[in-house]
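A.B. asks: Predicted model, plus sequence, below.
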Amino acid sequence: MAPAPASPSASSDSDSDSDSPSSSPSASFPAPPSPSGSLLGLAPVIPVVVLEDAADAVPLARALVAGGLPVVEVTLRTSAANEAIRAISAEVPEAVVGAGTVLTPAQAEEAVGAGARFLVSPGWTERLLESMLGCGVPALPGVSTASEVVALLERGVTEMKFFPAEAAGGVPYLKSLASPLPQARFCPTGGIDEARAPGYLALPNVGCVGGTWMLPGGALAARDWPRIQRLAEGAAALRA
């Protein structure tokens, strides 16, 4: 995994190598990280997990890892989320577990305290971004417009969540960003299924996609871990 982004300095919001953006917009953007050393380069798909019962966290994570999907995003949408992150972190060391739907600085800190190795938000504010970047783990702040992408690039953030992917313009929109904003790399999430995923993964500015199709409600309810592993294997096989 790539090194955690640096915390913002006390005198600037920027997390880039320079103290402040230069007068030339393109010159102020840092080079993109190597895909091989990036969170976005660990697997083609990041499962987006919603757990009501933390007891399901470990067997679910083991099924996903066995299926070839080692990066697991546990969303902070339920009261069981942090307990689930803590359990996966302690008992499934081969998994890279992170927290999704991070909306507040407090949530970011609590998730990292529970063992989250990355943070994902559906959008960002200055306060939330500063907190996420200061937590010492990689962060994927959410964007849906070119202006939001440029604002993050100015702050040294080159890896982002594109959300809600399908509703925000999908493959055509991300394709249109690749030429003017080649520094930005994305994990599109929202409305993506197994059929749509290859179109995103074929884009030069997409490192992976987020999705839930390998986690059907019936399989989770039945604790059908072998089925989830098989679906994970299919997702892991998706390549551009």
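C.D. replies: In hand now; what should we look at? Numbering: from 1, shown residues only.
A.B. asks: ok, which stretches of this protein are strands?
C.D. replies: 45-49, 71-75, 96-100, 119-120, 139-140, 142-143, 159-162, 185-188, 209-211 (DSSP state E).
A.B. asks: between the third one and strand 71-75, what angle do the directions make?
C.D. replies: Translated: strand 96-100. Calculated by axes from the mean of the first three to the mean of the last three C-alpha atoms, to 10 degrees, strand 96-100 forms an angle of 30 degrees with strand 71-75.
A.B. asks: What is strand 96-100 packed up against?
C.D. replies: With contacts taken as 3 or more C-beta pairs under 8 Å, 6 or more residues apart in numbering; DSSP states H and E, strand 96-100 sits against strand 71-75, helix 81-91, helix 105-114, strand 119-120. Every residue, glycine included, has its C-beta placed from N, CA and C.
A.B. asks: dump the residue contacts of the residue lying closest to Gly234 once chain neighbours are set aside.
C.D. replies: The spatially closest residue to Gly234, leaving aside those adjacent along the chain, is Glu194, at 6.8 Å (C-beta to C-beta, 6 or more residues apart in numbering). By C-beta atoms under 8 Å, 6 or more residues apart in numbering, the contact set of Glu194 is Gly211, Trp213, Gly234, Ala235, Leu238.
A.B. asks: Surely Trp225 and Ala61 touch.
C.D. replies: No: the criterion here is C-beta atoms under 8 Å, and Trp225 misses it with Ala61 at 10.0 Å.
A.B. asks: Among these two, which residue is more densely surrounded?
C.D. replies: The residue with more neighbours, out of Trp225 and Ala61, is Ala61; 27 against 18, by other C-beta atoms under 10 Å.
A.B. asks: Spell out which residues sit in contact with that one, please.
C.D. replies: By C-beta under 8 Å, 6+ apart, the contact set of Ala61 is Val72, Ile88, Val92, Ala95, Val97.
A.B. asks: let's see 10 Å
C.D. replies: The contact partners of Ala61, taken as C-beta atoms under 10 Å, 6 or more residues apart in numbering, are 47, 49, 69-70, 72, 74, 84-85, 87-89, 91-92, 94-97.
A.B. asks: try Leu51
C.D. replies: 57, 60, 74-75, 77-81, 83-85, 87-88, 215, 220.
A.B. asks: again, only this time at 7 Å
C.D. replies: Each residue near Leu51 by C-beta atoms under 7 Å, 6 or more residues apart in numbering is listed here: Ala57, Val74, Thr78, Ala80, Ala81, Ala84.
A.B. asks: Distance of it relative to Pro105?
C.D. replies: 23 Å (C-beta to C-beta, to the nearest Å).
A.B. asks: next one: Ala84
C.D. replies: 21 Å.
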